[in-house]
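K.L.:
any chance you could fold what I've pasted below:
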Amino acid sequence: MSSSPGQASFNCCYSETDLPRLIAKPEICPTLDMNFAEQLKSRIDIVDVVRQYVALKRQGSAQRWKGLCPFHSEKTPSFNVDGGHQFYKCFGCDAGGDVFRFVQQIESLTFPETLRLLAERYGIPMPERHHYGDAEAQREAALLEIHEAAAAIFQDNLRAAAGADARRYLQSRGVDEAAINEFRLGLADSSGQQLLQRLKRFGEEVLVESGLIGRRPENQGLYDRFRGRLMFPIHSESGKVIAFGGRALRHDDKVKYLNSPETPLYTKSSVLYNMHRAKFAARKNDRLILVEGYMDAIGVYSAGVEEVVALCGTALGPGQIRSMRQQLQYQSGKGHVILNLDSDSAGARSTEKHITGLLAEGLRVKVLSVPGELDPDEYIQQQGREAYAKLLEQAPSYFHWLTDIARGRFDMRSAEGRVDAFKFILPAVERVQDRIERATISNEVAEQLGVDREMVRQVLRPRQNGTAPRKHAELSSAVPANERLLIACMLASANARAVIRHYLSTENRFQQLEAKPIFEAILSAEENAFSLPAVIDQLDTRWQRILSEISFSESGVSEELAAQQTLDCLKLLEAKSWRANRDELKKRIREFESQGKIQDALLLMNELDTINRLSSAD
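P.N.:
Numbering: from 1, shown residues only. Just a heads-up that it's a prediction; the model follows:
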């Protein structure tokens, strides 16, 4: 194609005899230096990694797999994995990327932690000292080092003479030395200057960013945020210390628990206390027990029930729910959460609220109310581990617990009271995503409350009609079919990319393409290290989705025939260019004729004759 209709060039329509010349590649140095991340990626298979977390089924091509997305709740699979391009994409929540991004997302790890986990899992030795040069990674490493150093300082304080009162308190709560060491419990110095002095080598800015050091108003100096408190290190799911909770030991402290503020390492609504230990037992036993406080989690864990996690505050955030769902979907996907919060009225209100959030994410929920309004660790001290384990086994489903609450809250002797009780339970029932399970639960609730079943069905019908899975809208349908096929060829074969690179070597040839950004991104990639995830990262959100859809579509393109199919597509593209050129010339000829510019019109007619002659000769 030329830059104007009157300056056409017609030497860009190739034939099969041109293929050897077009696909010739420069020699690649066999000693190409790959960094450790690239070496690691080349030795592991994303399908093998993903299958450790998600049940996958083969789809069409031998290298394409599909399953339920681990990052959002769904009943119809929209999560795809391409073993050929080592890439995953969910068309429900738009999660996608390479094997590193998958592990980072599902395990809540940093990039260096991800490399280490995969290297250890697959027996690939890491360099003795691996440096990550970007500023963000260096800052993260400094923050982790600060938290690790602070945890060690707090532990030393608790073991020292000044920690005697704190040790006596722990002993009174049934926390023995083994649990103190397991959970790395510590004590914050009461002076307010210990961490500031011991960690000053890190610099003022990063210390304040860590949340362990506070800045006084009007820049009047710095101070330790935690003072004279029993310290509970909070870990990431990979086991790194990222924050602290501090319990007051003095009666005059107005705030019983003080937690770290949010930092680049720590987001309260995404982290559950003890998850880095609990996740292994949760995967094995298909359940997680959610308790309210750090001491509850320590008491339950120390009693041998290791699948226990605690809130880092009173709220249960979306990130925390996703974290639980990921662990419970690890094997069967049928695990459940047992809510074992305080049995007082405030705890009951929290339980009601958490039930709705958990059901919305497709989790199964049970509720355990400890007799006597005792905390879990207190009950275990008084009644023993076996008694608590029995309570866990007998924990009722959430709707039985809600029904009991409703019976105590409303007048069940009147029709109005029974209807009010049902309305109280209805929001939770509506959150159940499985249609059959929702209908079964609603019938049971109606029977227990004495409410007419037909009324229940009428109330739930709009919800049932609205739960049919919706197929995602395919943005790629807006791209011409010929271009979609060209893109599929480019993804399938380096030879096809070479042919198209030659064809589009003149810049203005890009202008005729609807999917120009995709072609540019693919062809700008280094051929000796072509990576679909890296190409996708160059695009904006819309084009990322389109390229992902094309990559997972059944195009019928094979690596062996891709170059030949590319030639066929280019011929069609060239024919389209001829037509566009002719149409433009005809339009301009009519304009000149209407303006009385006969000489200009005749010149363009000669060009039109030339185009017609050359195109017909083709």
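K.L.:
surely residue 238 meets residue 106?
P.N.:
No - using Cβ atoms under 8 Å, residue 238 is not in contact with residue 106; the gap is 11.5 Å. Quick note: C-beta positions are derived from backbone N, CA and C, even for glycine.
K.L.:
compare the two (neighbour count), which wins?
P.N.:
Neighbours of residue 238 and residue 106, each counted by other Cβ atoms under 10 Å, are more numerous for residue 106; the result is 23 against 15.
K.L.:
so what touches the host helix or strand of the more buried one?
P.N.:
For residue 106, the host element (DSSP states H and E) is helix 99-107. With Cβ atoms under 8 Å, 6 or more residues apart in numbering as the test, helix 99-107 has contacts from 37, 41, 44, 46, 49-50, 53, 70-71, 86, 88, 95, 97, 109-111, 113-115, 117-118, 237-238, 326, 533.
K.L.:
pull out the buried residues from the next helix or strand after that helix.
P.N.:
Moving toward the C-terminus from helix 99-107, the next helix or strand (DSSP H and E) is helix 111-121. Residues of helix 111-121 classed as buried by neighbour count (16 or more other Cβ atoms under 10 Å): 111, 112, 113, 114, 115, 116, 118, 119.
K.L.:
tell me the two of these that are most distant?
P.N.:
111 and 119 (12.6 Å; Cβ to Cβ).
K.L.:
taking the centroid of the protein, which residue is nearest it?
P.N.:
residue 105 (4.3 Å; Cα atoms, centre = their mean).
K.L.:
how about the secondary structure of residue 312?
P.N.:
Classification of residue 312 using DSSP: H, G, I helix; E, B strand; the rest coil returns coil.
K.L.:
what is the neighbour count of the nearest residue to it once chain neighbours are set aside?
P.N.:
Excluding the flanking residues, the one nearest residue 312 by Cβ to Cβ, 6 or more residues apart in numbering is residue 268, at 5.2 Å. Neighbour count for residue 268, taken as other Cβ under 10 Å: 18.
K.L.:
check residue 202 too.
P.N.:
16.
K.L.:
okay, residue 248 and residue 256: tell me how far apart.
P.N.:
Going from residue 248 to residue 256 by Cβ to Cβ, to the nearest Å gives 5 Å.
K.L.:
between the two, who's got more neighbours?
P.N.:
Remark: of residue 248 and residue 256, residue 248 carries more neighbours, 16 against 10, as counted by other Cβ under 10 Å.
K.L.:
I figured that one hits residue 231, correct?
P.N.:
No - Residue 248 lies out of contact with residue 231 (Cβ under 8 Å); the separation is 11.4 Å.
K.L.:
by mean pLDDT, flag the weakest helix or strand of this structure.
P.N.:
One helix or strand of the chain scores below all others by mean pLDDT, DSSP states H and E: helix 19-22, with a mean of 60.
K.L.:
give the buried residues for stretch 250-264.
P.N.:
Quick answer for stretch 250-264 (16+ other Cβ under 10 Å): 257, 258, 259, 260, 263.
K.L.:
er, stretch 72-88 actually
P.N.:
72-74, 77-88.
K.L.:
one more: stretch 436-446?
P.N.:
Across stretch 436-446, burial judged by 16+ other Cβ under 10 Å covers 438, 439, 441, 442, 445, 446.
K.L.:
what about that stretch, distance to the chain center?
P.N.:
Centre-to-centre, stretch 436-446 and its host chain are 32 Å apart (Cα atoms, centre = their mean, to the nearest Å).
K.L.:
centre of the chain versus stretch 488-503, how much separation?
P.N.:
Offset of stretch 488-503 from its chain centre (Cα atoms, centre = their mean): 32 Å.
K.L.:
same question, stretch 147-157
P.N.:
Using Cα atoms, centre = their mean, the offset of stretch 147-157 from its chain centre is 32 Å.
K.L.:
ok, and the closest non-adjacent residue to residue 294?
P.N.:
residue 232 (4.5 Å).
K.L.:
the one you found belongs to a strand?
P.N.:
Yes - counting by three-state DSSP, one finds residue 232 located in a strand.
K.L.:
what's near enough to touch it?
P.N.:
183, 185, 244, 245, 246, 247, 273, 294.
K.L.:
low pLDDT regions in the stretch 101-250 of the chain?
P.N.:
128-134 (pLDDT under 70).
K.L.:
going along the chain, name the strands of it.
P.N.:
Listed in chain order, the strands of the stretch 101-250 of the chain (DSSP state E, counting those that start in this stretch) span 186-187, 213-215, 222-224, 229-235, 241-248.
K.L.:
among those strands, which is nearest residue 149?
P.N.:
That would be strand 241-248 among the strands of the stretch 101-250 of the chain, by Cβ to Cβ, at 9.4 Å.
K.L.:
and the strands in the stretch 251-400 of the chain?
P.N.:
Counting by DSSP E, counting those that start in this stretch, the strands of the stretch 251-400 of the chain are 257-259, 287-291, 308-310, 336-340, 364-367.
K.L.:
so the fourth one versus strand 287-291, what angle?
P.N.:
So that's strand 336-340. 20 degrees (axes from the mean of the first three to the mean of the last three Cα atoms, to 10 degrees).
K.L.:
in the stretch 251-400 of the chain, where is pLDDT below threshold?
P.N.:
Looking along the stretch 251-400 of the chain with the criterion set at pLDDT under 70, you get 314, 329-334.
K.L.:
please flag which of the buried residues of stretch 72-88 sit within helices.
P.N.:
Judged by DSSP state H, helices contain none of these.
K.L.:
just those: which has the poorest pLDDT?
P.N.:
Lowest pLDDT within the buried residues of stretch 72-88 is found at residue 73 (72).
K.L.:
for that residue, which non-adjacent residue is spatially closest?
P.N.:
residue 362 (3.6 Å).
K.L.:
the one you found contacts residue 325, correct?
P.N.:
Yes - using Cβ under 8 Å, residue 362 makes contact with residue 325 at a distance of 6.9 Å.
K.L.:
shared neighbours, those two?
P.N.:
Between them, residue 362 and residue 325 share the contacting residues residue 73, judged by Cβ under 8 Å, 6+ apart.
K.L.:
list the contacts for residue 421?
P.N.:
Contacts of residue 421 (Cβ under 8 Å, 6+ apart): 403, 406, 407, 409, 410, 412, 449, 451.
K.L.:
now with 10 Å, please.
P.N.:
Residues near residue 421 by Cβ atoms under 10 Å, 6 or more residues apart in numbering: 402-403, 405-412, 445, 448-451.
K.L.:
now those residues: which count as buried?
P.N.:
402, 403, 405, 406, 410, 412, 445, 448, 449, 451.
K.L.:
isn't the last one right up against residue 418?
P.N.:
Yes - taking Cβ atoms under 10 Å as the definition, residue 451 is a contact partner of residue 418 at 5.4 Å.
K.L.:
ranges for the helices of the stretch 151-300 of the chain?
P.N.:
164-172, 177-182, 194-198, 204-210, 275-285, 294-302 (DSSP state H, counting those that start in this stretch).
K.L.:
can you check the stretch 451-600 of the chain too?
P.N.:
Using DSSP H, counting those that start in this stretch, helices in the stretch 451-600 of the chain cover 453-465, 481-492, 494-503, 516-524, 532-537, 541-552, 562-594, 598-617.
K.L.:
would you list those in CSV and tack on distance to residue 149, mean neighbour count and mean pLDDT?
P.N.:
Listed next are these as CSV, based on distance: least, Cβ to Cβ, whole Å; neighbours: other Cβ atoms under 10 Å; pLDDT from 0 to 100:
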stretch, distance to residue 149, mean neighbour count, mean pLDDT
helix 453-465, 53, 13, 63
helix 481-492, 48, 23, 82
helix 494-503, 50, 22, 80
helix 516-524, 44, 18, 84
helix 532-537, 35, 19, 87
helix 541-552, 40, 20, 87
helix 562-594, 55, 17, 71
helix 598-617, 75, 13, 66
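K.L.:
still on that earlier bit, which two of the buried ones among the contacts of residue 421 have the greatest separation?
P.N.:
Farthest pair in the buried ones among the contacts of residue 421, by Cβ to Cβ: 405 and 451, 15.7 Å.
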